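Q: Pasting a predicted model and its sequence here:
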Amino acid sequence: MNPTLLNNHTLAQLPATVTTPSYGRRELSAGIIHLGIGAFHRAHQAWYTEQVIEAGARDWGIIGASLRSPTVRDQLAPQDCLYSVVEKSNAGEKVRVIGCVQDVLVAPESPATLLEAMAQEDIRIVSLTITEKGYCHDPASGALNLQHPDIRHDLDNPQAPKSALGFIVYALQERRKRDLPGFTLLSCDNLPNNGKLLERVLFEFAEQVDAELAGWIRENTRCPCTMIDRIVPATTDADRDALQAILGVRDNAAVMAEPFSQWVIEDNFLRGRPEWDSAGATFVEDVEAYELLKLRLLNGCHSLLAYSGYLAGFETIADVMAEPAFAAMANQFLASEASAAVEAPHGFDLQTYRQQLLERFSNRALRHRTWQIAMDGSQKIPQRWLGTLRHQLESGGSIELLTFALACWIRYVSAVDDAGNPIEVSDPLAREMKAICDAHRDKPKELAGAFLQFAAVFGSDLQHSQRLQQALTTWLTSIGKHGVLSTVRMQMEKSVA
């Protein structure tokens, strides 16, 4: 027998300890379309928007859109688009039901439906969480990859695009035909200067369609940069079962999150915005300092722990942090190499921020899997590690743990862990990287050199650094001989001595 689901009818039955929408959901009108309605958006931007609506704004409802899979729609539709955000910490859990999502469209099922929704005058913001690879760009240069299969398809099929860029440009084209204004495009992906990147690839795509349209889009869109931060692990069946015991009904669309949340937004909007600052967001003139802090400290350390921890056999980040040598490594990475490559905004306490990160990584209630964080590394590490690495090389600073991190990543994409178990590498460049590993197996120096020449990730400059290649070779040799865990323990013992 199927369990009773969370929906509009069962909302009133939930226990008093659960926060639920206090407004009438029928009062909402949509002002936002969100492309890529995955777990992160539902635990972050929608969570902020829910609080703005609770405060009285009724014109910022969200229409979600999935560009690939119907999974989220199939979870949310039977629940009247209601879902829970469960904040998990070592001290316990807090549950809030979110009501601001009004509908979820599945683009491959009906591209025309999504295009029409985006062409509606009431839509003032189109936000995105489509991951790094969704921008169809070259991570090393930031330019639009015109040979990307989705881009080539979209240029030939304007009525049925596949990519976010295709939907945006053709929706704007339709708004122009209807003599309607454009909208603000709000990237909420983990990329440096995400708004500027989106603006660049958007204009490059539009130029391929029509130069006059591209000019109109320049005048009728805004692309503010943002910095987003909240750890949102994948929800498991065990999570859903535990939540059902609390709610008394089943929530198949629930998302798990840490209590901490941060959102820094460049205040550059075309036609107004929700007062997200009333819910804790920060509006600034320039996001860059905040995003570098997050990318180089939080994300950089997260990826370091993910690759090294996975290879050593640890399932979650909290498991990795429970090993003293890995915890010491994380502290050293944050305090030395990562901190050296950032400049904190005025009044920002960098030491407190580092301590917060170590505590967040140690959250045992949040089972954030190392494998999940390790996904799409070829798209992430240019932002998370290579900017810091270039800074350290130019300044003559330490590159010890950055090169260790790279060595772990190279070992990871070889698709075999320290115990000899196969790794399911989820990455758009997995095949090419596996081929490099196979061609230089058991030859650390040649392997290091071949990866540094892999321009799709490293660009063209780093291959010329003998210091970098030597350090990478040393780590690859040690990992191959001793394994990751022993290598980390030896390194930390050496650091203490």
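A: That came in fine, so what should we check first? Numbering: from 1, shown residues only.
Q: where exactly do the helices run in the stretch 301-450 of the chain?
A: Assigned by DSSP state H, counting those that start in this stretch, the stretch 301-450 of the chain shows helices spanning 317-321, 324-333, 339-340, 350-361, 370-373, 377-381, 387-395, 400-413, 430-439, 444-452.
Q: scratch that, the stretch 151-300 of the chain is what I was asking about
A: Using DSSP H, counting those that start in this stretch, helices in the stretch 151-300 of the chain cover 164-177, 194-209, 211-219, 237-247, 288-293, 300-311.
Q: what about the closest residue in space to residue 392 that isn't next to it in sequence, distance to residue 451?
A: Sequence neighbours aside, residue 399 is the residue nearest to residue 392 in space, at 5.0 Å (criterion: Cβ to Cβ, 6 or more residues apart in numbering). From N, CA and C alone the C-beta is placed, and that goes for glycine too. Residue 399 sits 15 Å away from residue 451, going by Cβ to Cβ, to the nearest Å.
Q: Over to residue 458?
A: 7 Å.
Q: The two: which has the busier surroundings?
A: A count of neighbours by other Cβ atoms under 10 Å puts residue 451 above the other of residue 458 and residue 451, at 24 against 21.
Q: immediately after the helix or strand containing residue 96, which helix or strand?
A: Applying DSSP states H and E as the criterion places residue 96 in strand 92-98. Sequence-wise, the next helix or strand downstream of strand 92-98 (DSSP H and E) is strand 101-106.
Q: Let me see the domain layout of this structure.
A: 11-284, 288-496 (automatic domain parsing).
Q: quick one: which of those is nearest residue 3?
A: For residue 3, the closest of the domains of the chain is domain 11-284, at 4.1 Å, according to Cβ to Cβ.
Q: Report the rounded mean pLDDT for stretch 303-314.
A: Mean pLDDT, stretch 303-314: 98.
Q: same deal with stretch 91-103?
A: Rounded mean pLDDT across stretch 91-103 is 97.
Q: Stretch 471-487 too?
A: If you average the pLDDT values across stretch 471-487, you get 97.
Q: before we move on, back to that, against which helices or strands is the strand holding residue 96 packed?
A: Counting contacts by 3 or more Cβ pairs under 8 Å, 6 or more residues apart in numbering; DSSP states H and E, strand 92-98 packs against helix 45-54, strand 83-89, helix 237-247.
Q: Make TSV from those and add distance to residue 287 and mean neighbour count to it.
A: Below are these laid out as TSV (distance: least, Cβ to Cβ, whole Å; neighbours: other Cβ atoms under 10 Å):
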stretch	distance to residue 287	mean neighbour count
helix 45-54	15	22
strand 83-89	24	22
helix 237-247	32	15
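Q: residues in contact with residue 86?
A: 93, 94, 95, 239, 243, 254, 255, 256, 257 (Cβ atoms under 8 Å, 6 or more residues apart in numbering).
Q: If any of the residues you listed are buried, put those into a PyMOL selection.
A: Per 16 or more other Cβ atoms under 10 Å, the buried members of the contacts of residue 86 correspond to this PyMOL selection:
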select buried, resi 95+239+243+254+255+256+257
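Q: For residue 298, state which of the contacts of residue 86 is nearest.
A: residue 257 (14.7 Å).
Q: Am I right that the residue nearest to residue 392 is in contact with residue 389?
A: Yes - Residue 399 lies in contact with residue 389 (Cβ atoms under 8 Å); the separation is 6.2 Å.
Q: who touches both of these two?
A: By Cβ under 8 Å, 6+ apart, the residues touching both residue 399 and residue 389 are residue 468.
Q: before we move on, back to that, compare the helices and strands packed on strand 92-98 and give me the one nearest residue 394.
A: helix 45-54 (35.5 Å).
Q: on that earlier part again, looking at the helices of the stretch 151-300 of the chain, which has the lowest confidence?
A: helix 288-293 (a mean of 93).
Q: I'd like the distance between residue 160 and residue 115.
A: Distance from residue 160 to residue 115, by Cβ to Cβ: 9 Å.
Q: Of the two, which one has the most company?
A: residue 115 (22 against 16).
Q: Name the nearest residue to that one, ignoring sequence neighbours.
A: Residue 115 sits nearest to residue 171 (Cβ to Cβ, 6+ apart), 5.3 Å away.
Q: number of nearby residues for the one you found?
A: Should you count by other Cβ under 10 Å, residue 171 turns out to have 23 residues around it.
Q: what's near enough to touch it?
A: Contacts of residue 171 (Cβ under 8 Å, 6+ apart): 115, 118, 119, 126.
Q: and with 10 Å instead?
A: Listed by Cβ atoms under 10 Å, 6 or more residues apart in numbering, the contact set of residue 171 reads 33, 114-120, 123, 126, 161, 182-183.
Q: right, and residue 357 touches residue 331 too?
A: Yes - at 9.4 Å, residue 357 counts as touching residue 331 under the criterion of Cβ atoms under 10 Å.
Q: if I look at the two, which residues touch both of them?
A: With Cβ under 10 Å, 6+ apart, residue 357 and residue 331 have common neighbours residue 301.
Q: Between those two, which is the more surrounded one?
A: Between residue 357 and residue 331, residue 357 has the larger neighbour count (other Cβ under 10 Å), namely 21 against 16.
Q: Grab the nearest non-local neighbour of that one.
A: residue 298 is the one closest to residue 357 (Cβ to Cβ, 6+ apart), at 5.6 Å.
Q: ok, that neighbour to residue 385 distance?
A: 13 Å.
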